[in-house]
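K.L.:
Sequence first, predicted model second:
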Amino acid sequence: MVIYDANVLYGNTLRDLLIRLAMTGRVQARWTNSILDEMQRNLAANRPDIPAEKLDKLRSLMNSAVRDCLVEGYEPLIEGLKLPDADDRHVLAAAIKVGARVIVTSNLKDFPADYVTPWDIEVKSPDDFVLDQIDLDGRVVWACVQQIADSRISPPETVDDVLDALEAAGLVEAVAALRAG
C-alpha cells in the first residue's frame with residue numbers, strides 16, 4: 001500500500017501514470033481529501049486557465065478510478081507526529097492509518113528517515129517508485145504508458161511524447177529503463 005503525496009498528483013502525465021498503475025491492481029494507492037485539496041489549490045493557483053469545474057471533475061475521476069483510495073479517520077494521529085514541516089504530518093498520519101509501506105513524494109527532505117522508519121514506512125521519489133514497478137513487471141508499466149498515449153487524441157501523442165513528459169516530470173531513470181527495455 002502506498003500514499004501518493006499532492007506533489008506527485010499535480011502534473012498531468014505523472015498523475016495519469018500513477019493512477020493507471022493503481023488501476024492495474026498491482027499498487028494499492030491511497031490519498032486523502034487534504035492531499036487532493038492541496039493538489040487542487042496548487043493547480044488553481046498555477047493554472048488559472050483551468051476552470052474550477054474541470055478541477056472538481058478531475059478529483060471525482062481520480063476517486064472513482066482507484067478503488068478504496070480515500071483515507072479517512074487519520075486526523076487524530078496528526079498532532080502526535082513530528083516532521084520538519086508540520087503541514088506534512090497529515091500525509092504521514094494517513095500512511096500510518098492504512099499501514100502504507102511507502103509514501104511517494106517529490107519532497108523527500110520533508111519526510112526524513114528518522115521520522116518515518118519507526119512506522120515501517122519508506123519514502124520514495126516518483127522516479128524510484130516507478131523504477132520499482134518496472135523491476136516488478138516492466139510490461140505493466142509499459143502498458144500504462146501506451147494507454148496514456150492512446151488516450152491523448154487532442155492533440156495526439158505518441159509513446160515517445162509521453163516518455164518525454166514523464167522525463168520532464170523527473171522520471172529520468174524510469175524513462176531510461178523503459179526506453180532501454
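P.N.:
Alright, I've got the coordinates.
K.L.:
per the record, what domains does this structure have?
P.N.:
2-125, 129-180 (automatic domain parsing).
K.L.:
Save those domains as JSON lines, and put in mean pLDDT and mean neighbour count too.
P.N.:
No exception for glycine: its C-beta is placed from N, CA and C like everyone else's. Formatted as JSON lines, the domains of the chain follow (pLDDT from 0 to 100; neighbours: other Cβ atoms under 10 Å):
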{"stretch": "domain 2-125", "mean pLDDT": "96", "mean neighbour count": "17"}
{"stretch": "domain 129-180", "mean pLDDT": "96", "mean neighbour count": "16"}
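K.L.:
Mind checking what secondary structure D164 has?
P.N.:
Secondary structure for D164, judged by DSSP: H, G, I helix; E, B strand; the rest coil, is helix.
K.L.:
and if you look at E38?
P.N.:
helix.
K.L.:
Can you tell me the closest non-neighbouring residue to it?
P.N.:
Once flanking residues are discounted, E38 sits nearest to A6: 3.8 Å by Cβ to Cβ, 6 or more residues apart in numbering.
K.L.:
quick one, what contacts that neighbour?
P.N.:
Listed by Cβ atoms under 8 Å, 6 or more residues apart in numbering, the contact set of A6 reads 31, 35-36, 38-39, 42.
K.L.:
Looking at the residues you listed, which is nearest D68?
P.N.:
Using Cβ to Cβ, W31 comes nearest to D68 of the contacts of A6, at 11.1 Å.
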